[in-house]
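Trainee: give the three-dimensional model of this entry:
(chains A and B)
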Amino acid sequence: SQQGEEDPQALSIQEGENATMNCSYKTSINNLQWYRQNSGRGLVHLILIRSNEREKHSGRLRVTLDTSKKSSSLLITASRAADTASYFCATENLGTSGSRLTFGEGTQLTVNP
Amino acid sequence: NAGVTQTPKFRVLKTGQSMTLLCAQDMNHEYMYWYRQDPGMGLRLIHYSVGEGTTAKGEVPDGYNVSRLKKQNFLLGLESAAPSQTSVYFCASARSNYGYTFGSGTRLTVV
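Mentor: Numbering: from 1, shown residues only, chains lettered A, B, ... in the order given. Here you go, the predicted model:
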């Protein structure tokens, strides 16, 4: 079962616009991470936000975390054509067998030039 | 600094054949993982390891076995391949509470 669920499934915007993707999850987490995957490639880690943090920035990326609502959002500002990719949220849970990440199904972002 | 290296990158198997996928990392990470990704879906965890000599089952472990004899290597085995195992397989390594580093994937087709 998928822990994280992204919304929307697909998003198409014009270059220069902002893109917002949302993620909801079901159980308590240690942290939440966002990844990008270009077509046919591996996943690249973008940003990690810990369960005791509410907001984090990295360049044009802004991530928020609301643990009371079990949700997160990823904002990409001033988007570029090169931002076209699939974006996945993933939650890290610490169990008796160690750390493991559970991924959502992703948001396909298309940035049109 | 290679990061995470997966071999092979592509493979076609006949139903019933066996194979081993190799994952190697040079970052001295304790944790290693094998995921599979199917069209339109996120990644699903097959098996993982929290240290040399240890392995644990993930979400979809049936039909796969793993071994971690050395800290830097994590092997994924398919004993008797089935068409349902056609997928893209990703290996990752990590330290706890840090982002994962993924390999570039192995595209496996079982005919």
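
Trainee: quick one: contacts for residue 93?
Mentor: Since you didn't name a chain, this refers to chain A. Residues near A:Asn93 by CB atoms under 8 Å, 6 or more residues apart in numbering or on different chains: A:3, A:27-30, A:99-100, A:102. Using the backbone N, CA and C atoms, a C-beta is placed for each residue, glycine as well.

Trainee: hmm, no, I was thinking of chain B.
Mentor: Counting by CB under 8 Å, 6+ apart, B:Ser93 has contacts B:4, B:23, B:25, B:27, B:29, B:31-33, B:74, B:100-101.

Trainee: please repeat the previous calculation with a cut-off of 10 Å.
Mentor: B:3-4, B:23-33, B:49, B:71-72, B:74, B:100-103 (CB atoms under 10 Å, 6 or more residues apart in numbering or on different chains).

Trainee: I'd like to know which of those are buried.
Mentor: Among the contacts of B:Ser93, those classed as buried by 16 or more other CB atoms under 10 Å in any protein chain shown are B:4, B:23-25, B:29-33, B:49, B:71-72, B:74, B:100-103.

Trainee: check those residues against chain A, which are close?
Mentor: B:4, B:30-31, B:33, B:49, B:100-103 (CB under 10 Å from any CB of the partner chain).

Trainee: so what's residue 23 closest to, chain neighbours aside?
Mentor: Using chain A. A:Cys89 (3.5 Å; CB to CB, 6 or more residues apart in numbering or on different chains).

Trainee: hmm, no, I was thinking of chain B.
Mentor: That would be B:Cys91: by CB to CB, 6+ apart, it lies 3.4 Å from B:Cys23.

Trainee: where does the one you found land in three-state SS?
Mentor: Under DSSP: H, G, I helix; E, B strand; the rest coil, B:Cys91 falls in the strand class.

Trainee: show me what it bridges to in the sheet.
Mentor: Counting by DSSP bridges, B:Cys91 is bridged to B:Trp34.

Trainee: separation between A:His105 and chain B?
Mentor: No, residue A:105 isn't His; it's Glu. To chain B, A:Glu105 is 4 Å away according to CB to the nearest CB, to the nearest Å.
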